[in-house]
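Asker: below is the sequence, then the predicted model.
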Amino acid sequence: MRFTLLLSIILLLCISCDQKRQTEESIKTKESKEIKVETPKDGPPGMVWITGDQFTMGALENDSYARTDEKPAHEVKVSGFWMDINEVTNSEFRKFIEATGYVTTAEKKPDWEELKKQVPPGTPKPHDSMLVAASMVFTPVDTDNLFDWSQWWSWVKGANWQHPQGPESSIEGKEDHPVVQVSWDDAQAYLNWVGKRFPTDAEWEFAARGGLQNKLYPWGNDTNISAFGNTWQGTFPLYNSLKDGYFTTAPVRTYQPNGYGLYDMAGNVWEWTSDWYNVTYYKESADQGVIEDPKGADKPFDPRQPYTPQRIQRGGSFLCNNSYCSSYRASARMHSSQDTSQDHVGFRGVMTQEQWEVLKNKQ
């Protein structure tokens, strides 16, 4: 469904964050397991080889922040693949736009005839002033109600990848920041152009863990979050201390990479994956033993938004904070319709060695 958040605001849908506050007690974990990365002789520029292996996917049993859709943990085995070292940048995305003339979702006027097919019957048509080329932009608000996320999202006319916070904003001087305001469809078009694909949900989590097992974050269990990623410092959404100097995105590779050499696998921007979001998928997976190279659920399902097919997002963003959702944990997941764009969502690509061989021979 196009612009799910817009319709959510219109319909005043209030969805619970379903989060627990973390206790002061330190989290007990099993001893970490290092996984050796054996790199092929050559590879795509700007990508790192992730040697496949088996791992436990999902939340730790004693993770007090874990959402229900991160459970139960289950065994997964992934094959090796190449992954972008960092999120796709504004500079890289601009080359795609200039070469193809592609127009992003946020730059198009919504089609109500298409939109109403995926909302509850009888949903009133939004005012024409809402059906314009626009996108969702985070707007700080003075509230302590964390259960209605529609409060801090505004439908801003003229917001798009070149103007992430609206027409008065710009990406000038931010060529090395991750591109945002890109829908799943936009990201898919870019990845097709460069010969890559989305990571699966399993591939993304495996890569994010950086060779560590039974750890909360891509760097381990150190709770000094601001030292490892671009997140919200202060109390969300009331106050951001800007301790790290970034109110929105940070340049890619600003923080230290994880054990696989991947940057920003926690914080900065959420990243699209290929998988459908289905609330029952983890429970079904837990009964299947070790699953090899899972591609996710066959179909989407979210009882809170039954008319809206959604894709999984990973990694958290500059808006994540322990006072709200702590979604920079390696197991954390978010979801949105594939035609929704926001100023805290981007992406990165992957490819198999076989895909690289084909692409290399074409060059």
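Answerer: Good, I have the coordinates.
Asker: strands of the stretch 151-300 of the chain, start to end?
Answerer: Taking DSSP state E, counting those that start in this stretch as the test, the strands found in the stretch 151-300 of the chain are 153-157, 234-235, 239-240, 270-276, 291-292.
Asker: Trp356: what secondary structure?
Answerer: Secondary structure, DSSP: H, G, I helix; E, B strand; the rest coil: Trp356 is helix.
Asker: gap between Ala202 and Glu292?
Answerer: Counting by Cβ to Cβ, to the nearest Å, the gap from Ala202 to Glu292 is 10 Å. Quick note: C-beta positions are derived from backbone N, CA and C, even for glycine.
Asker: shared neighbours, those two?
Answerer: Val76, Val78 (Cβ atoms under 8 Å, 6 or more residues apart in numbering).
Asker: out of those two, which sits in the more crowded spot?
Answerer: Neighbour tally, Ala202 and Glu292, criterion other Cβ atoms under 10 Å: the higher count belongs to Ala202, 23 against 13.
Asker: quick check: that one touching Asp293?
Answerer: Yes. Judged on Cβ atoms under 8 Å, Ala202 makes contact with Asp293 at a distance of 7.4 Å.
Asker: next, the contact list for Thr39, please.
Answerer: Val48, Trp49, Thr51.
Asker: pLDDT value on it, please?
Answerer: Looking at Thr39, its pLDDT stands at 73.
Asker: numbering from 15 from now on, please.
Answerer: Sure, I'll start counting at 15 from here, so that last one is Thr53.
Asker: for the stretch 165-314 of the chain, just list every one of the helices.
Answerer: 198-208, 215-222, 295-299 (DSSP state H, counting those that start in this stretch).
Asker: let me know which of those is tucked in deepest.
Answerer: Most buried of the helices of the stretch 165-314 of the chain, by mean neighbour count (mean count of other Cβ atoms under 10 Å): helix 215-222, with a mean of 26.
Asker: same for it, what does it pack against?
Answerer: strand 61-64, strand 67-71, strand 88-92, strand 95-98, strand 284-290, strand 324-328 (3 or more Cβ pairs under 8 Å, 6 or more residues apart in numbering; DSSP states H and E).
Asker: which one, of the ones you listed, ends up nearest to Ser168?
Answerer: Closest approach to Ser168 among the helices and strands packed on helix 215-222 (Cβ to Cβ): strand 284-290, 18.0 Å.
Asker: direction included, what does the closest one pair up with?
Answerer: Paired strands of strand 284-290, with direction, are strand 324-328 (antiparallel), strand 359-360 (parallel) (DSSP bridges).
Asker: got the angle between that strand and helix 198-208?
Answerer: For strand 284-290 against helix 198-208, the angle by axes from the mean of the first three to the mean of the last three Cα atoms, to 10 degrees is 90 degrees.
Asker: buried set for strand 284-290?
Answerer: Neighbour-count burial for strand 284-290 flags Trp284, Glu285, Trp286, Thr287, Ser288, Asp289, Trp290 (criterion: 16 or more other Cβ atoms under 10 Å).
Asker: hmm, back to that, of all the strands of the stretch 165-314 of the chain, which lies closest to Gly57?
Answerer: So among these, strand 284-290 is nearest, using Cβ to Cβ, at 20.3 Å.
Asker: relative to Thr262, which of the helices of the stretch 165-314 of the chain is closest?
Answerer: Among the helices of the stretch 165-314 of the chain, the nearest to Thr262 by Cβ to Cβ is helix 198-208 (18.6 Å).
Asker: quick check: mean pLDDT of that closest one?
Answerer: Here helix 198-208 scores 99 as its mean pLDDT.
Asker: next one: the spatially closest residue to Val266 that is not a sequence neighbour from Thr262, what distance?
Answerer: Excluding the flanking residues, the one nearest Val266 by Cβ to Cβ, 6 or more residues apart in numbering is Asn100, at 3.8 Å. Using Cβ to Cβ, Asn100 is found at 17 Å from Thr262.
Asker: looking at the two, which one has more neighbours?
Answerer: Taking other Cβ under 10 Å, Asn100 and Thr262 do not tie; Asn100 has more neighbours (24 against 20).
Asker: for Pro213, see how far away that one is.
Answerer: To Pro213, Asn100 is 14 Å away according to Cβ to Cβ.
Asker: now Val372
Answerer: For Val372, the distance to Pro213 - Cβ to Cβ - is 19 Å.
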